[in-house]
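Asker: starting from these lines, generate the structure:
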Amino acid sequence: MFSLYGISGPIVQGTVESLARLPAVRRRGPVTGTPPVGGEYDESLQRATLAGLASTQTTATPGDQATAAYRSMLPESLERGPLYHANQIMQPEVITLNADDDVTRAWRMLVRHKIHQAPVLDRENHLIGIVSERNLLTTLNVEGGEVRDALARRVGDVMTTPVVAASPTTDIRRIAQVMVDYGVDGVPIVNETGHLLGFISRTDILNAVVTDPPLSVWR
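Answerer: Residues are numbered from 1 along each chain as shown. The predicted structure follows:
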């Protein structure tokens, strides 16, 4: 499930397909569609699969036995099951900015924490936008990574709003699709009241693809 958050709060909620019909959210350009998304992760299916594997162990080939022996030596953390949902790969500790912050402070925060964008919150800590290096460079003169001079602007003046956010149980592939379709580098993860729970960047998805077996992001 995705939501569109603006300065006045949540604008609309719906599926990724419904975002394309909103005038405030525009696609970056034509893209290749993703395969249809299957159902939610079913733990009973995993248990049934494991039971089936156990029943075939008596007739396993030497190669199967070697594979089983190798799996038994893997760290327990690698046996956590397939990755499906945003809350499994999101970064729960998120660097945020306030709409009232000046652009110089915002730039220094991004540089200090080596990030390229940050969610923007209002005074009640509700998500209202996102600000990136590109947004800030419209008002800053940067030389050698340091701000040389800047216009008198606040984060709220240059941030991107409304911003697409997702719920914690949103399918990871749907989030990847939004990143491709709308040319965004990250998607905030929020609860039902609009409070920030985490953030997923392109790097988080790539790290999951490379380092987190068993992986079921792409099926």
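
Asker: ok so residue 124 is a helix residue?
Answerer: No. Counting by DSSP: H, G, I helix; E, B strand; the rest coil, one finds residue 124 to be coil, located in no helix.

Asker: look up how far residue 141 lies from it.
Answerer: Using C-beta to C-beta, to the nearest Å, one obtains 33 Å as the distance from residue 124 to residue 141. All C-beta spots, glycine's among them, are computed from the backbone N, C-alpha and C.

Asker: so which bits of stretch 187-199 are buried?
Answerer: Within stretch 187-199, the residues that qualify as buried are 187, 188, 189, 190, 194, 196, 197, 198, 199, counting by 16 or more other C-beta atoms under 10 Å.

Asker: where does the prediction get shaky in the chain?
Answerer: Along the chain, the parts satisfying pLDDT under 70 run over 1, 8-10, 12, 16-64, 66-82, 143-150, 212-219.

Asker: just the strands in it please.
Answerer: When secondary structure is read from DSSP state E, the chain shows strands at 2-6, 9-14, 97-98, 117-121, 127-132, 140-143, 146-150, 163-166, 186-190, 196-201.

Asker: tell me which stretches of this protein form helices.
Answerer: 16-19, 43-55, 62-72, 103-113, 133-136, 155-158, 172-182, 202-211 (DSSP state H).

Asker: quick one on the thing from earlier: and the strands of the chain as a markdown table, adding distance to residue 88?
Answerer: What follows is the strands of the chain, written out as a markdown table (distance: least, C-beta to C-beta, whole Å):
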| stretch | distance to residue 88 |
| --- | --- |
| strand 2-6 | 17 |
| strand 9-14 | 21 |
| strand 97-98 | 26 |
| strand 117-121 | 20 |
| strand 127-132 | 21 |
| strand 140-143 | 36 |
| strand 146-150 | 37 |
| strand 163-166 | 13 |
| strand 186-190 | 11 |
| strand 196-201 | 10 |
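
Asker: before I go, just wanted to say thanks for your time.
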